[in-house]
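In: I need the structure of the sequence given here:
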Amino acid sequence: MTVSLITGATSGLGLATARALLDQGHQVIAAVRDPARATRLLPGAEARRLDLADLDSVRAFAADLRADHHRLDLLINNAGVMGMPRTLTAQGHELQFGVNHLGHFALTGPLLDLLAAGHEPRVVTVSSHLHRKGKLRFDDLSGAAGYQPMTAYNRSKLANAVFGLELHRRLAAAGSPIRSVLAHPGFARTGLQQAGTVGVNRLMLRLTTPLMAQSPERGALPILHAATAEPVHGGEFYGPSGAGELRGDPVLVEPSADAHDTALGTRLWTVSEELTGVRYTLESLGRRPERG
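Out: This next block holds a predicted model:
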């Protein structure tokens, strides 16, 4: 049975993805802020508390999971926040960058040895087509200077894309069997658009979502393809096939030039290690004998 961990599994894309994985026979671990809600919505899943806005919670979650599980086949870094007023995480990082990128960076590192022990293991990081509008301003990752909610969101989604590709390069260099893959849902009705967005962004999304957005189940298709389809290779990015990558069936899509930038990937990696205190140990993740 495939052991799959997904963050943010109690609503929107995460819930749709988790339900599809359960239907496919996966052993699903739902990493969520409200385990009781996950238990109600996802019968048969293992619900565990995780707050990506608090690196202490991430650290405790990873330690507890490692104590209880000897392998992991699939990690889906899905949870996210969008368009929030400027808010800080428990450690003082801008919330969107902190949850969408830093929390997942801090989660993935300690779980790589569990993934290396898994069967055809993958890390799927969920980005957005809006990553192409993002810029990584290393002089102001906290958003203290002229904070704009959607600018910060786009930055966090670019960080997801840069991270996923940099992780792929590092895993490949280490000879690891783990595949790092990216996906984005296009424009999907998830509730994310209204949960945190404010002002004109909230109004625009309220008007356009009913007309243009696809269902969470359709939005989850690129994520599920990246997570379960064959052949899928490390470093690939899947999104919807339609105009503007807003909706449609999953296909390979091209990340932005910044996402491919190896110097940017190295710099983000170094900064992420400094901000989270998490150091990845990749040398021990080389290829292991096939299990009989």
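In: all helices of the chain, in order?
Out: Ranges of helices in the chain, per DSSP state H, are 12-23, 35-41, 55-68, 95-97, 104-116, 149-173, 192-195, 199-212, 216-219, 221-228, 257-260, 262-276.
In: And those helices, which one averages the lowest pLDDT?
Out: For these, mean pLDDT drops lowest on helix 199-212, to a mean of 49.
In: wait, H119 sits on Q27?
Out: No: in this structure, H119 is not within contact of Q27 by CB atoms under 8 Å, at 11.9 Å. All C-beta atoms are positioned from the backbone trio N, CA, C, and that covers glycine.
In: residues shared between the contacts of these two?
Out: Common contacts of H119 and Q27, defined by CB atoms under 8 Å, 6 or more residues apart in numbering, comprise T2.
In: So which of the two has more stuff around it?
Out: Using other CB atoms under 10 Å, the more surrounded residue of H119 and Q27 is Q27, with 18 against 14.
In: Could you measure from that one over to L5?
Out: Separation of Q27 from L5 (CB to CB, to the nearest Å): 10 Å.
In: One more: E46?
Out: Taken as CB to CB, the span from E46 to L5 is 9 Å.
In: Comparing the two, which residue is more hemmed in?
Out: Neighbour count, other CB under 10 Å: between E46 and L5, L5 has more, with 30 against 18.
In: How about R170: what's its closest non-neighbour residue?
Out: Spatially, and ignoring its direct neighbours in sequence, R170 is nearest to L282 (5.5 Å; CB to CB, 6 or more residues apart in numbering).
In: hmm, who's touching stretch 132-150?
Out: 83-86, 88, 92-94, 96-97, 130, 151-152, 154-159, 162, 196-199, 201, 256, 258, 264, 267-268, 271, 275.
In: Quick one, which of those residues are buried?
Out: By neighbour count, with 16 or more other CB atoms under 10 Å, these hold 83-84, 93-94, 96-97, 130, 151-152, 154-159, 162, 196-197, 201, 256, 258, 264, 268, 271, 275 as buried.
In: Would you enumerate the residues in contact with the nearest residue to L112 once chain neighbours are set aside?
Out: In this structure, L112 finds its nearest non-sequential neighbour in L285, 5.8 Å apart by CB to CB, 6+ apart. Taking CB under 8 Å, 6+ apart, we find L285 in contact with L112, D113, A116, L171, A174, G175, S176, I178.
In: Filter the residues you listed down to the buried ones.
Out: L112, D113, A116, L171, A174, S176, I178.
In: and the residue nearest the centre of the chain, what pLDDT?
Out: In the chain, the centroid-proximal residue (CA atoms, centre = their mean) is N77; its distance is 2.8 Å. According to the prediction, N77 has pLDDT 98.
In: That one bridge partners, please.
Out: Here N77 sits in beta bridges with T125, going by DSSP bridges.
In: returning to that earlier point: quick one: the buried ones among the contacts of L285 as CSV, columns for distance to L41 too.
Out: Below are those laid out as CSV (distance: CB to CB, whole Å):
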residue, distance to L41
L112, 28
D113, 30
A116, 31
L171, 32
A174, 37
S176, 33
I178, 29
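In: Between these, which sits nearest L55?
Out: L55 has its nearest neighbour among the buried ones among the contacts of L285 in L112, at 17.3 Å by CB to CB.
In: circling back to that earlier point, now do the same contact list for the residue nearest to R170.
Out: L112, R170, L171, A173, A174, S176.
In: thought the first one was touching I178?
Out: Yes: counting by CB under 8 Å, a contact exists between L112 and I178, whose distance comes to 6.6 Å.
In: Tell me who's in contact with F105.
Out: F163, S272, T276, V278.
In: How many neighbouring residues does the first one have?
Out: Looking back up the chat, that one is F163. 26.
In: give me every residue that touches it.
Out: Applying CB under 8 Å, 6+ apart, the residues contacting F163 are H101, H104, F105, T125, G265, L268, W269, S272.
In: That one and H119: what is the separation?
Out: 24 Å.
In: same question, V278
Out: Counting by CB to CB - V278 and H119 are separated by 25 Å.
In: again with A145
Out: From A145 over to H119 (counting by CB to CB), the distance is 47 Å.
In: Ok, V28 next?
Out: 16 Å.
In: Check P149 too.
Out: For P149, the distance to H119 - CB to CB - is 40 Å.
In: repeat for T125
Out: Relative to H119, and taking CB to CB, T125 is found at 20 Å.
In: just T266 next, same as before
Out: Applying CB to CB to T266 and H119 gives a distance of 31 Å.
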